[in-house]
Every structure is written in C-alpha cells, then in structure tokens.
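Colleague: Give me a model of this one.
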Amino acid sequence: MIKKKSRNLARKRRHLTVRKKITGTAEVPRVSVFRSARHIYAQLVDDRAEVTLIQASTMFPETKKRLSGENMKKTEIAKEVGKHLGEMAVEKGITRVRFDRGGYAYHGRVRSLADGIREAGVEF
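Modeller: Coordinates of the predicted model:
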C-alpha cells in the first residue's frame, strides 16, 4: 500500500528550504507567517537572539476590535492583520523586514498580509 504524504508535511519541507536562506536580525527582522483554515498569524522574529519582537493575528483583542462588526473576506482580514503588524513595527522603529511566507504560496491571504505590512510603511 502506498502511503500518501500530507500537504502539511510538504509545506513544512518547503518552509525549511526557505528558512535556510532567510534569517532575521534585530535591525531587519524576519516576518514569519502561519495560516490556518480560520486564522492568520504573523510575527517579527530576531533569529540571532531567538526572540519574537512583535506579533499579530486574528486572535488578538486589538485586531478583533479593528474587525468587529464588519463582514470581511479572509484576504481582507489578512490585510488588516498586516497593517496592524506594520503599524506596531513602525512604532518600534522597524522599517525593513525579510518576508518568510512559511512554505505557503505567495498568493491569497499571504500576499494580502504582505500588502498590509507594506501599506503601513515597512519595506521588504
């Protein structure tokens, strides 16, 4: 019997390939993305110190306040999460980041998240 590989396993393998090339520092942190069926999570990571600098997701109360009462698509919600993360980064003085798409295709929610971060004034 042939065992079928899971999609998540393939994504994790792609993520490791990307992680070999992308590292974050305190000056230019890495934006790490994870998306589930319902939510999207993003964080700025300093890989040298192994510390998460800033994080945002659809689960955070601040983000829920921004989205409350609105009926939005998942891509629009991802863009709002990106804007929120970008605004927090600019407040901390971070203007440049490296984008780690987490093994996901740069399409849909991942792309919207990146666009939201850019709109907040952070460059890749």
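Colleague: Give the buried residues for the host helix or strand of Arg111.
Modeller: Taking DSSP states H and E as the criterion, the element that holds Arg111 is helix 109-119. If you call a residue buried by 16 or more other C-beta atoms under 10 Å, then helix 109-119 has these buried ones: 109-118. Any C-beta I mention is one placed from the backbone N, CA and C, and that applies to glycine too.
Colleague: just curious, which of those is nearest to Val28?
Modeller: Ile117 (13.4 Å; C-beta to C-beta).
Colleague: residue contacts, the closest one?
Modeller: 31, 42, 82-83, 85-86, 89, 97, 99, 124 (C-beta atoms under 8 Å, 6 or more residues apart in numbering).
Colleague: Could you tell me how far the helix or strand bottoming out on mean pLDDT in the chain lies from the centre of the chain?
Modeller: When each helix and strand of the chain is scored by mean pLDDT, DSSP states H and E, helix 61-67 comes last, with a mean of 83. Its chain's C-alpha centre and that of helix 61-67 lie 17 Å apart, by C-alpha atoms, centre = their mean, to the nearest Å.
Colleague: Regarding stretch 62-79, how distant is the last residue from the first?
Modeller: End-to-end distance of stretch 62-79 (C-alpha to C-alpha, to the nearest Å): 15 Å.
Colleague: can you list contacts of it?
Modeller: 35, 40, 56-58, 80-81, 84, 108-110, 112-113, 115-116, 119.
Colleague: Try it again at 7 Å.
Modeller: For stretch 62-79, the external contacting residues (C-beta atoms under 7 Å, 6 or more residues apart in numbering) are 40, 56-58, 80-81, 84, 108-109, 112-113, 115-116.
Colleague: got the buried residues for that stretch?
Modeller: Across stretch 62-79, burial judged by 16+ other C-beta under 10 Å covers 63, 74-75, 77-79.
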